[in-house]
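Q: Next come a sequence and a model predicted from it.
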There are 4 protein chains.
Amino acid sequence: MVARGDRREELLDAAEGVVEDEGVAGLTIDRVAARAGVAKGTVYLYFASKEQLVGALKARCLEEMTAMVVAGLADLESGDWWGTADAVVEAVIDYDLSHRWVIAVMATETGDEESKQVYREATGQMLDLLIAAIRQGAAEGVFEVDDPETTATLLYFALEGTLHHTILYEADVDRDRLVSSARALIHRALGDD
Amino acid sequence: MVARGDRREELLDAAEGVVEDEGVAGLTIDRVAARAGVAKGTVYLYFASKEQLVGALKARCLEEMTAMVVAGLADLESGDWWGTADAVVEAVIDYDLSHRWVIAVMATETGDEESKQVYREATGQMLDLLIAAIRQGAAEGVFEVDDPETTATLLYFALEGTLHHTILYEADVDRDRLVSSARALIHRALGDD
Amino acid sequence: MVARGDRREELLDAAEGVVEDEGVAGLTIDRVAARAGVAKGTVYLYFASKEQLVGALKARCLEEMTAMVVAGLADLESGDWWGTADAVVEAVIDYDLSHRWVIAVMATETGDEESKQVYREATGQMLDLLIAAIRQGAAEGVFEVDDPETTATLLYFALEGTLHHTILYEADVDRDRLVSSARALIHRALGDD
Amino acid sequence: MVARGDRREELLDAAEGVVEDEGVAGLTIDRVAARAGVAKGTVYLYFASKEQLVGALKARCLEEMTAMVVAGLADLESGDWWGTADAVVEAVIDYDLSHRWVIAVMATETGDEESKQVYREATGQMLDLLIAAIRQGAAEGVFEVDDPETTATLLYFALEGTLHHTILYEADVDRDRLVSSARALIHRALGDD
DNA sequence: TATGAATGAGTCTTCATTCAT
DNA sequence: TATGAATGAAGACTCATTCAT
C-alpha cells in the first residue's frame, strides 16, 4: 500500500539506480521493476511507456536543478549579484557531477514527442529563470548584456555541454578549476570589469 | 568495383542518410546496407560492429569540423584576431546546422570504449587547436585570458551544447541571432573591451 | 496456463522432436518454439541460451538412462548378478535405440562450459553406479576385476560408443546380435568363466 | 606453385590447426584459408564444401590410425598375438591422445551424406582389419570368441568412446591406467585365461 | 589456379508491451 | 492495484558460398 506519488518516485529512483549500475544502455523495464521490487506490469501502471519513464526521469532531474537555481537566486535579495551568480554556477556544476548517470541519460536518450515536449518546457523554465535574473541585473545596472536570452542560453549550455562531455567521455574532472573558469566566463559575459 | 576507401565512405554517407530520414533510433545496419545498395554482410567487411560504424561516423564528423576550423584559423596570419574568431564561430554554427542529423548522433550515441576513445581524441584535437590559438592571441597581447584550456572548452561547448539542444529539441533556430550572441560572448570571454 | 516445470519439459520434448525431424543441425530455437506452440521469446524464459537448452536436453537424457540403470540394479537383491548385468546391458541398448536422435545430440553438441559440467556430472553418476555395482559384485566373489573404475568406464563406452556410431552412421542395427555380444563381453570382462 | 596433393594436405593441416586453436566451433573456411596463407576461394578449389573438408579431415585421421594399426599387426608374423594386441591398444590410445582436437571433430561434426559415407568406409576398414586379426587368432587357437565382428566393434568403440569422452569433457587422463585396463579388457574379451 | 569482395539466408538474442488472473 | 508469463517484432552478427577478375 504505497501512495500513488510515492510509488512513482520509487520507480524513478529505481531507474536512476539501474542507470548507475548498468549504464544507460542497461536501462530496461525489467531491471527497473526488479530493482523497485515490483512486477514488470506495475511499471506500466505509472508510466505509459519506457519513453515516458525516461522523459519523467529527465524532467525530474531538470526540475531538481531548477529548484536549486531558484534557491540560489533567492539570495539576490541581498543585492549581491556577482556572489549569487558564482553560487549558482557552483551549484549547477556540483549537481551535475553528483548526478552523473542521470545526466548521461539526459544527454543520450531522446524519447518520443511527448517526452521531448516535457523536456523542452523544463529547459525553458530553467532558461527563463536565468534570463529574468540577467534582465533584472541589467536593469539594476549591475550586468551589461545585449541579448539576455541568447546569452543565458549560451552560458547555460557552456556549463551543461562541458559537463555532459566530461561525464560521458572523461574519467575525472578538475572540479575547482572548472568552477573558477566558469565563474570567470560568466563575469565577463555579464560585463564585469 | 569500388576502391576500398570509397566503399567505406559510401557506407558512412548511407548511415548519415538513414539518420536524416529515420532519426537516430532508426539507424540500423539493415537500413544502412539497403541505402548503400549493398548486402548486410558487406557492412561488416568495413566495420566490425554497429558501434564501430557509429564511432566512425562521429569521428568523421568531428574531423570535418576540425578541418574547417583549421582553415578558418589560417586567416590569423593576417593578424586580424577578432575577425578570425568571428569567422570560426560562424563556421562552426553553420557546419552544425547543415549537419543536424549527424550532430544528433554525436549527442546521442555513445558507442563502445574504442569508439569513445576515437571521439575523445577527435574532440581533443579540436580543443587543442582552439587552445593554441587563444594562447597565441594572448601572447600577442590581443586576447586576455586566465585559463586558456578551460576557457576554450567552455566556449566550444557553449556553441556545441546550444546547437545540440536546439537541433534535438527546437524546430527552428534564429541563426543570425545565435551567431552574433556567440560572437559577443567570445569577444568578452577573450577580453575584448 | 502451464505449470512452470511442465512448460520446461514441453520445450525439451519439442527440442527432441525437432532433432528427430530435422537432424541435429536443424535444432534451432525458432523451430523448438514453433513445435512447442510457443513464441520464440518464451523459450528464453526457461533457458538462458541455446547452449543451455542443449545442455538440459543432454542432462535429461542421461538422467533417464541412469534412472533406468538404477531400476535394473534393484534386482541385485535377488542375488542374480549375471542376470542383472544382462538386463542392464539390454536396457541401455534399448534406451539408446529408442532415443536415437537425442543420442545424436549427445554425441554432437558440446555446449558451453556450464552445460559441459552438467553433462560431466551426469556421466559421473552413471559411472559411479556401475562402479559400485561391480565393486559389490567383486566383494561378493561373483565378479573378478582388477580396476573397477576403468573397467566400468570402458564397458559403458563400449556400449555407448558402438551405439553412437551405429546411430549416426549405420542405417540399421542387428539389435539382438549386439545385445548378445555385449553381454558376452561383459561376462568375460567381469570374470565369468 | 604447389603440387595439387600438397596444397590439399596443407589445407587439412591448417584446418587441424584452427580446431586446435579455436575449438571445433571455431572451424570456419575463413580461418582455414587465413592459416594456410591462401584466399578463401582457393579452399573451394580443393573441397567442394565445408562439409567435405571436414569429411576429408576425419577420413585422413582415421586413415592414419588405420595405417598405424596395420603397422602394429605386422608383428603378428612373430606369432606373439597377445603382445601384438597390447601394442595395438597402446598405439590407438596414444594416437588419440596426441590428436585430441581432430578427435573432437570426429566426435562432433557429422557432415553430409557423402562425407558420412567416406567416414563409414574408413571405419569399416579399421574394423575389418581388427576382425580379420581376431578371426585369424581364433583360427590359430590363440583367441577364443563367438562373434568376431561385434566383438571387434565393441572393443574398438570401448577405446574410442572412452577417449572421446575423456578428450571432450575431462581435463586430464591417466594414460597408463587406461592402457593397462584396456589391455586387460581385451585379453579377457579374446579369451585369455 | 588463385583471389577476395560481395552476398544474403539463417540464427541467436533482447526487450517493450500486453493481458488474463 | 498488482502480477508475471507470454509475446513477437526487431536487430546484430556469422559464415558458407559465389564469381568477376
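A: On my side now, so go ahead.
Q: Give the buried residues for whichever strand or helix holds A:T42.
A: Secondary structure assigned from DSSP states H and E places A:T42 in helix A:40-46. Judged by neighbour count using 16 or more other CB atoms under 10 Å in any protein chain shown, the buried positions of helix A:40-46 are A:43, A:46. Placement of C-beta: from N, CA and C, glycine included.
Q: do the same with stretch A:108-117
A: By 16+ other CB under 10 Å, the buried positions in stretch A:108-117 come out as A:108-111, A:115-116.
Q: Apart from its neighbours in sequence, what residue is nearest A:A36?
A: With sequence-adjacent residues excluded and distances taken as CB to CB, 6 or more residues apart in numbering or on different chains, A:A36 is closest to A:A14, at 3.8 Å.
Q: just to revisit the earlier point, does the helix or strand following the helix holding A:T42 come close to chain B?
A: As assigned by DSSP H and E, the chain's next helix or strand after helix A:40-46 is helix A:50-73. No. For helix A:50-73, no contact with chain B is found by CB under 8 Å from any CB of the partner chain; the gap never falls below 10.0 Å.
Q: what about helix A:50-73 and DNA strand F, any contact?
A: No. Contact of helix A:50-73 with DNA strand F (CB under 7 Å from any atom of the strand) is absent, the minimum separation being 12.2 Å.
Q: ok, that helix near DNA strand E or not?
A: Yes. Judged by CB under 7 Å from any atom of the strand, helix A:50-73 comes into contact with DNA strand E through A:50-51.
Q: residues contacting the residue of chain A found nearest chain C?
A: The minimum distance from chain A to chain C, using CB to the nearest CB, falls at A:D30 (11.7 Å). By CB atoms under 8 Å, 6 or more residues apart in numbering or on different chains, the contact list for A:D30 reads A:K40.
Q: For chain A, which residues are neighbours of chain B?
A: Residues of chain A found near chain B (CB under 8 Å from any CB) are A:24-25, A:104, A:107-110, A:116, A:119-120, A:123, A:146-147, A:150-151, A:153-155, A:157-162, A:164-165, A:168-170, A:177-178, A:180-182, A:184-185, A:188-189, A:191.
Q: Stretch A:56-74: how far from the chain's middle?
A: Computed by CA atoms, centre = their mean, to the nearest Å, the chain-centroid distance of stretch A:56-74 equals 6 Å.
Q: Just the buried positions in that stretch, please.
A: Burial within stretch A:56-74, assessed by neighbour count using 16+ other CB under 10 Å, is assigned to A:56-62, A:65-66, A:69, A:72-73.
Q: that older thread, export the buried residues of stretch A:108-117 to CSV and tack on distance to DNA strand E?
A: Shown next, in CSV, are the buried residues of stretch A:108-117 (distance: CB to the nearest atom of the strand, whole Å):
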residue, distance to DNA strand E
A:T108, 13
A:E109, 11
A:T110, 14
A:G111, 11
A:S115, 11
A:K116, 15
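Q: Please compute how far the lowest-mean-pLDDT helix or strand in chain A lies from its chain's middle.
A: Ranked by mean pLDDT, DSSP states H and E, the weakest helix or strand in chain A is helix A:100-108, scoring a mean of 86. Here helix A:100-108 shows a centroid-to-chain-centroid distance of 9 Å under the convention CA atoms, centre = their mean.
Q: Who are the packing partners of it?
A: helix A:4-22, helix A:50-73, helix A:148-169, helix B:100-108 (3 or more CB pairs under 8 Å, 6 or more residues apart in numbering or on different chains; DSSP states H and E).
Q: just the ones you listed: most buried one?
A: helix A:148-169 (a mean of 22; mean count of other CB atoms under 10 Å in any protein chain shown).
Q: Where does the record place the domain boundaries for chain A?
A: A:1-47, A:50-189 (automatic domain parsing).
Q: Show me the one of the ones you listed that comes nearest C:I93.
A: With CB to CB as the measure, domain A:1-47 is the member of the domains of chain A nearest C:I93 (47.1 Å).
Q: what's the average pLDDT for that closest one?
A: Domain A:1-47 shows a mean pLDDT of 92 in the predicted model.
Q: close to DNA strand E, is that domain?
A: Yes. Contact of domain A:1-47 with DNA strand E (CB under 7 Å from any atom of the strand) involves A:25-30, A:40-41, A:44.
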